[in-house]
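Asker: Just to be clear, the model below is a prediction. Sequence and coordinates:
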Amino acid sequence: MICVLVKYSEIALKGKNRSWFVGRLVRNLHGALAGLHIKEVRTLIGRIEIVLGQDEALPEVGDRLSRVFGIAHYSVATRVPPDFESMAAAIESQLPPKEAAESFRVHVRRADSKFPIPSPELARDLGSRVWTARGWKVDLDHADLVIRVEIIPGSAFCYVGREPGLGGLPMGTGGRLVGLLSGGIDSPVAAWRMMKRGCNVTLVHFHSAPFLSNTSQEKARQLAEVLTRYQLRTKLYLVPFGELQRQITLSVQGDLRVIIYRRLMLRIAQRVASHVRARALVTGDVIGQVASQTLDNMAVIDQAAQIPVFRPLVAMDKEEIIAEAQRLGTFGISIVPDQDSCTLFTPRHPETHARRYAVDEAEKTLPVDTMIKTAVDSAVVEQLSYPRA
Ligand code: ATP
Ligand code: MG
């Protein structure tokens, strides 16, 4: 019987909470595979078996699994009774053609202490069958192909090779955050990093329509869709920010505006966080990347929030962030030109070392509470899900 065998990563280490983590992963697997022909997803001593209804679903199953957090690796396996002939036949049926490899090794793991044949002996005997079938040489250290057999009471899983998973922790085990999503390269990567640690991220995008075009909202929506392929459900808040910026320009001197915009964004995001029961915020700030991202400015900006503000990219280079954005699939969307909110009413020489008292003085001239309330009340909330119904 063909199945997919999933091995989980760190969650194996989580002591008493382990069954909760695994249960969450199983639930997420059900969600990620929704709409495919899956008979069952079940846990079996340190691994998860996905029983497929139809072999045709395999490439799609693999594609979906490649975006599930908490998987160390996964393989298409054959499950057979744990006798030598059945195992050897299962392996032979999965071997690639002779040209595909030059060397191999067989790795046997027993999660059944009653199984009579010692692992090295079984590996050797199965190896000799492979050698007869393909003539590859055995290489215990750098084999081209690793053939694995895992024995549990009553069954053996046999498979050739395995696919790496994303690692991280199962979605939903880390609590909820609010992510500030611009149309840029960094913020989707930052949100994704938190997702990878099991956090569900509600996304907030500030746009300046009708002062600027709608492209930033469309980009935010597309970015949110890509991120939803990882977390399965996303709430996206589209918050009109242009009018608030206009108000700020009327009473705040040019060089401080970006700081005041950012502080207001954090406060609005924090209000959203209280609505969705999120415990912290996440942004794509990187030290030194732009004027608003100096250490002095970040410190003053953060003082506007009462909950933690996470910046998972703070110490990364642009090249590293771009590589990650490409891997996760947001880069192509992020580089489409648009008119970002922060380009609206922004001075050419923003403050790089904001001082707290100057910012406080500037904010005293603004009806901050009303501004937050207006923004949250006029936000449009969209619910995204994957796979799409
Ligand atoms: P990004 O690529 O994430 O846009 P950036 O290098 O353009 O980053 P900034 O524009 O200074 O940097 O923004 C810093 C962070 O502030 C962003 O990563 C994002 O979390 C948040 N942010 C900025 N603009 C917006 C916006 N219009 N809507 C939501 N969040 C925003
Ligand atoms: Mg930006």
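Answerer: Yep, that arrived. Ligands and ions are numbered 1, 2, ... in the order given.
Asker: separation between Leu232 and ligand 1?
Answerer: In this structure, Leu232 and ligand 1 are 22 Å apart, going by CB to the nearest ligand atom, to the nearest Å. C-beta: built from backbone N, CA, C; applies to glycine.
Asker: I figured that residue was touching Asn28, is that so?
Answerer: Yes. Leu232 is within contact range of Asn28, at 7.1 Å (criterion: CB atoms under 8 Å).
Asker: Neighbour count: these two, which is higher?
Answerer: Set Leu232 next to Asn28 and count neighbours by other CB atoms under 10 Å: Asn28 wins out with 22 against 19.
Asker: residues in the stretch 151-300 of the chain within reach of ligand 2, list them.
Answerer: By CB under 5 Å from the ion, the residues of the stretch 151-300 of the chain that approach ligand 2 are 182, 184.
Asker: got the residues of the stretch 151-300 of the chain near ligand 1?
Answerer: Counting by CB under 6 Å from any ligand atom, the stretch 151-300 of the chain comes close to ligand 1 at 180-182, 184-187, 204-206, 265, 283-285, 289-290, 292-293.
Asker: How about the stretch 201-350 of the chain: which residue is closest to ligand 1?
Answerer: Minimum separation of the stretch 201-350 of the chain from ligand 1 (CB to the nearest ligand atom) falls at Gly284, amounting to 2.6 Å.
Asker: Checking that residue next. Helix, strand or coil?
Answerer: Secondary structure, DSSP: H, G, I helix; E, B strand; the rest coil: Gly284 is coil.
Asker: what does the model give it for pLDDT?
Answerer: Here the pLDDT value assigned to Gly284 is 97.
Asker: And Gln253, by the same measure?
Answerer: Confidence at Gln253, expressed as pLDDT, is 87.
Asker: same thing with Ile45?
Answerer: On the pLDDT scale, Ile45 is placed at 84.
Asker: tell me the contacts of the closest residue to it other than its chain neighbours?
Answerer: Once flanking residues are discounted, Ile45 sits nearest to Ala111: 4.8 Å by CB to CB, 6 or more residues apart in numbering. By CB atoms under 8 Å, 6 or more residues apart in numbering, Ala111 lies in contact with 45-46, 150-153.
Asker: what's the nearest residue to the residue of the chain found nearest ligand 1 if we skip its chain neighbours?
Answerer: Residue nearest to ligand 1 within the chain (CB to the nearest ligand atom): Gly184, separated by 2.1 Å. Closest residue in space to Gly184, ignoring its immediate chain neighbours: Ser334 at 5.8 Å, by CB to CB, 6+ apart.
Asker: again, but for Arg24
Answerer: Of all residues not flanking Arg24 in the chain, Pro170 sits nearest, at 4.3 Å (CB to CB, 6+ apart).
Asker: so how far is Ser93 from that neighbour?
Answerer: From Pro170 across to Ser93, the span is 33 Å (CB to CB, to the nearest Å).
Asker: Please say which of these two ends up with more neighbours.
Answerer: Using other CB under 10 Å as the criterion, Pro170 and Ser93 rank with Pro170 on top: 25 against 10.
Asker: Could you tell me whether Val76 really is in a helix?
Answerer: No. Assigned with three-state DSSP, Val76 falls outside any helix and is strand.
Asker: Can you tell me the element the residue lying closest to it once chain neighbours are set aside falls in?
Answerer: Nearest residue to Val76, sequence neighbours excluded (CB to CB, 6+ apart): Val4, at 5.7 Å. If you go by DSSP states H and E, Val4 is part of strand 2-8.
Asker: same for that strand, what does it pack against?
Answerer: The helices and strands touching strand 2-8, judged by 3 or more CB pairs under 8 Å, 6 or more residues apart in numbering; DSSP states H and E, are helix 18-32, strand 47-52, helix 58-65, strand 71-80, strand 155-160.
Asker: how about those, which one is nearest Ser213?
Answerer: helix 58-65 (33.7 Å; CB to CB).
Asker: Show me what whichever helix or strand Glu150 is part of is in contact with.
Answerer: Assessed by DSSP H and E, Glu150 sits inside strand 145-152. Contacts of strand 145-152 with the rest of the structure, by CB under 8 Å, 6+ apart, involve 5, 44-45, 47, 75, 82, 87, 91, 95-96, 100-101, 103-112, 115, 122-123, 126, 130, 136, 156-162.
Asker: In contact with the spatially closest residue to Thr374 that is not a sequence neighbour, which residues?
Answerer: Closest residue to Thr374 apart from its sequence neighbours, by CB to CB, 6+ apart: Leu244 at 7.5 Å. By CB under 8 Å, 6+ apart, Leu244 lies in contact with 264, 371, 374-375.
Asker: Can you show me the helices along the stretch 201-350 of the chain?
Answerer: 215-231, 242-251, 257-276, 295-302, 318-328, 331-334 (DSSP state H, counting those that start in this stretch).
Asker: what about the ones you listed, which gets the closest to Leu166?
Answerer: Using CB to CB, the helices of the stretch 201-350 of the chain put helix 215-231 closest to Leu166, at 8.1 Å.
Asker: tell me what the closest one is packed against?
Answerer: When contacts are defined as 3+ CB pairs under 8 Å, 6+ apart, helix 215-231 packs onto helix 186-196, strand 200-207, strand 233-240, helix 331-334, strand 380-385.
Asker: relative to strand 200-207, how tilted is it?
Answerer: 170 degrees (axes from the mean of the first three to the mean of the last three CA atoms, to 10 degrees).
Asker: Give me the phi and psi for the residue nearest to Ile45.
Answerer: Dihedral pair for Ala111: phi -110, psi 30, per degrees, to the nearest 10.
Asker: Check which residues of the one helix or strand Thr374 maps to are buried.
Answerer: Assigning secondary structure by DSSP H and E places Thr374 in helix 368-377. Residues of helix 368-377 classed as buried: 368, 371-372, 374-376 (neighbour count, 16 or more other CB atoms under 10 Å).
Asker: Any chance of a markdown table for the residues you listed, columns distance to ligand 2 and pLDDT?
Answerer: Formatted as a markdown table, these follow (distance: CB to the ion, whole Å; pLDDT from 0 to 100):
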| residue | distance to ligand 2 | pLDDT |
| --- | --- | --- |
| Val368 | 23 | 97 |
| Met371 | 21 | 97 |
| Ile372 | 21 | 98 |
| Thr374 | 23 | 97 |
| Ala375 | 18 | 97 |
| Val376 | 21 | 98 |
